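Enquirer: My questions are about this predicted structure, shown below with the sequence.
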Amino acid sequence: MRHKHVHKCAVGAFGFYLLLRFHISRAMDDGVRPDFTDNNSWFNIKILTDGTRKNNTKEMGKQSYIEDVRDIFKQLKIVSNHFGHWGRVSGPVELEFLEISPEHIRNLGECMAF
């Protein structure tokens, strides 16, 4: 599941996100972490939140996500007019540069459009 290039690894990026989130929210500190043997104590916790402990059952709004991605792109000087689903636009282009056949790219797009 990991990408052979660490800077393109979504699993690693997700791991770093969770580390930062748990560090900021202190949600996994002793006495605070949910009881994972009881579904009711953890099942409604959302993965993408604002990172605080105030309300971890409320998911991050789409607009909040888009605004954050837009700010990051601006800081990194990445020019784009797509922020919500940036990978759907840039992914096929990168695959074309890697000389992946158009049929494989199309099949991948169909698999991801569920």
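Expert: Structure's in. What do you need? Being a predicted model, the structure only gives us computed values, none of them experimental. Numbering: from 1, shown residues only.

Enquirer: in stretch 9-21, what counts as buried?
Expert: Going by neighbour count (16 or more other CB atoms under 10 Å), the buried part of stretch 9-21 is R21. C-betas here are computed from N, CA, C, even on glycine.

Enquirer: Could you pull up the mean pLDDT of that stretch?
Expert: Mean pLDDT, stretch 9-21: 87.

Enquirer: likewise stretch 57-71?
Expert: Mean predicted confidence for stretch 57-71 is 76.

Enquirer: Repeat that for stretch 100-114.
Expert: Stretch 100-114 shows a mean pLDDT of 72 in the predicted model.

Enquirer: phi, psi of the residue nearest the centre of the chain?
Expert: In the chain, the C-alpha nearest the mean C-alpha coordinate belongs to F14, at 6.2 Å (CA atoms, centre = their mean). Main-chain torsions, F14, degrees, to the nearest 10: phi -60, psi -40.

Enquirer: Repeat that for the one 4 residues further on.
Expert: Here the main-chain torsion angles of L18 (degrees, to the nearest 10) amount to phi -60, psi -40.

Enquirer: For the remainder of this discussion, apply numbering that starts at 212.
Expert: With 212 as the first residue, the last one maps to L229.

Enquirer: Please, where are all the strands along this protein?
Expert: Using DSSP state E, the chain contains no strands.

Enquirer: Contact partners for the closest residue to A221 other than its chain neighbours?
Expert: Excluding the flanking residues, the one nearest A221 by CB to CB, 6 or more residues apart in numbering is H214, at 7.0 Å. Going by CB atoms under 8 Å, 6 or more residues apart in numbering, H214 touches C220, A221, V222, G223.

Enquirer: isn't the first one right next to R213, touching?
Expert: Yes. When contacts are counted by CB atoms under 8 Å, C220 is listed as touching R213 (5.2 Å).
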